[in-house]
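K.L.:
turn this into a structure:
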Amino acid sequence: MERNRERNREQSTEQSTEQSTEEGTEEGTGLPSASGADRKDEAAPAPRQRVAFLGLGHMGAPMARRILAAGHPLTVWNRTAAKAEPLVAEGARPASSPAQAVRDADVVITMLAGPDALRHVADEILPVLRERAGVHWVEMSTVGPDAVRTLGERVPDGVTLVDAPVAGSTDKAAAGRLGILAGGDATAVESLLGHLGTVTRTGPLGSGAALKVVVNTAVLGGVALVAESMALADALGLDPEVARGVLAQGPLGGAVARAFATDVHFGNGLAAKDVALATSTTWLPAMEAVLGHYEAAAADPAVADEDIAAAVTRVRRTREPRT
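P.N.:
Take a look at the predicted model:
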């Protein structure tokens, strides 16, 4: 009887060992079992998209730097090549032309001065893109919806165009806190754009560009209104700091802050271009007057390349006689 109990214990131990071995290894290999409890399906991380960034102005340079810092292989081009040098020193690859910049890119980003600059760059890169199916072109300049739709008609099959202009100035570009107004199918680039700020889907292609014109009209109109309000305060002999402080507490608070900002840059020439995009679309009599302010600032060598805050100062110093 004692012998039977011993035999049972031995058989139980053998069965337990065999079961453990079968669960932990592939049959007949001695290798860990693919169906064991410790199995882990670890997908290889997707390769980072190769990005070509064209246009390294006040906004483009900090945006490109954010993409480089996120680990994306980055090629940069700017009409004035010297502006690319800081990014090249940080690890970006320089390109001598727009066509060279996009040759190996998965994503092309353009951040240019206006419709004319976009058209010239498109002329150079479209022949290359015709041979590069699967590329995504993210157009982030402020050019208006008509320019985007015209570009969309030129983009070859296999290339996806997204219009994604930004809301925010140079400080938000550097911090990755821009508002990105994305029109078209942005699915494949939304993660990439997330390094620059918060992406808002605006609708079909061209809707991002359209909304950007609306946003800039509100901002630039508000700043011009603050300028004229301060000119009125000056004419009435009020303490300018008191007037500014009271305005800042009212509905124009955001516009007051922007009118007197010192750590951002939005050039007066670009402001005039953006307001003209609005006034050429529909009848905007108040913005026609605003356009006059920014066009005058853009034509003044002393403030043409300065931030729009300089236009505020110019409005306050210009006393046009009433007729």
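K.L.:
do a quick rundown of the helices in this protein.
P.N.:
Ranges of helices in the chain, per DSSP state H, are 2-24, 60-69, 85-89, 98-102, 115-129, 145-154, 170-175, 190-193, 207-235, 240-248, 253-259, 268-279, 285-299, 309-317.
K.L.:
out of these, nearest to Val108?
P.N.:
Nearest of the helices of the chain to Val108, taken as Cβ to Cβ: helix 98-102 at 5.0 Å. Using the backbone N, CA and C atoms, a C-beta is placed for each residue, glycine as well.
K.L.:
helices and strands around the closest one, which ones?
P.N.:
Where contact means 3 or more Cβ pairs under 8 Å, 6 or more residues apart in numbering; DSSP states H and E, helix 98-102 is packed against strand 51-54, strand 74-77, helix 115-129.
K.L.:
Arg48 versus Val214, what's the distance?
P.N.:
Val214 sits 34 Å away from Arg48, going by Cβ to Cβ, to the nearest Å.
K.L.:
now do Gly158
P.N.:
21 Å.
K.L.:
how about Asp300?
P.N.:
45 Å.
K.L.:
tell me where the model's unsure across the protein.
P.N.:
Within the chain, the stretches with pLDDT under 70 are 1-46, 319-323.
K.L.:
ok, now with 90
P.N.:
Within the chain, the segments meeting pLDDT under 90 span 1-47, 318-323.
K.L.:
using CSV, list the CA coordinates for stretch 57-69.
P.N.:
Taking Å, rounded to 0.1, in the frame of the first residue of the first chain, the C-alpha atoms of stretch 57-69 are listed here in CSV:
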residue,chain,number,x,y,z
GLY,A,57,10.8,83.0,-41.7
HIS,A,58,9.8,84.2,-38.2
MET,A,59,7.2,81.4,-38.0
GLY,A,60,8.7,78.7,-40.1
ALA,A,61,12.0,78.5,-38.2
PRO,A,62,10.6,77.7,-34.8
MET,A,63,8.1,75.3,-36.3
ALA,A,64,10.8,73.4,-38.1
ARG,A,65,12.8,73.3,-34.9
ARG,A,66,9.9,71.6,-33.1
ILE,A,67,9.7,68.9,-35.8
LEU,A,68,13.5,68.3,-35.6
ALA,A,69,13.3,68.1,-31.8
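K.L.:
any buried residues in it, and which?
P.N.:
57-68 (16 or more other Cβ atoms under 10 Å).
K.L.:
that older thread, buried deepest among the helices and strands packed on helix 98-102, which one?
P.N.:
Stretch with highest mean neighbour count among those: strand 51-54 (a mean of 28; mean count of other Cβ atoms under 10 Å).
K.L.:
what sits up against that one?
P.N.:
60, 63-64, 67, 72-78, 92, 95, 98, 101-102, 105-112, 121, 125, 192 (Cβ atoms under 8 Å, 6 or more residues apart in numbering).
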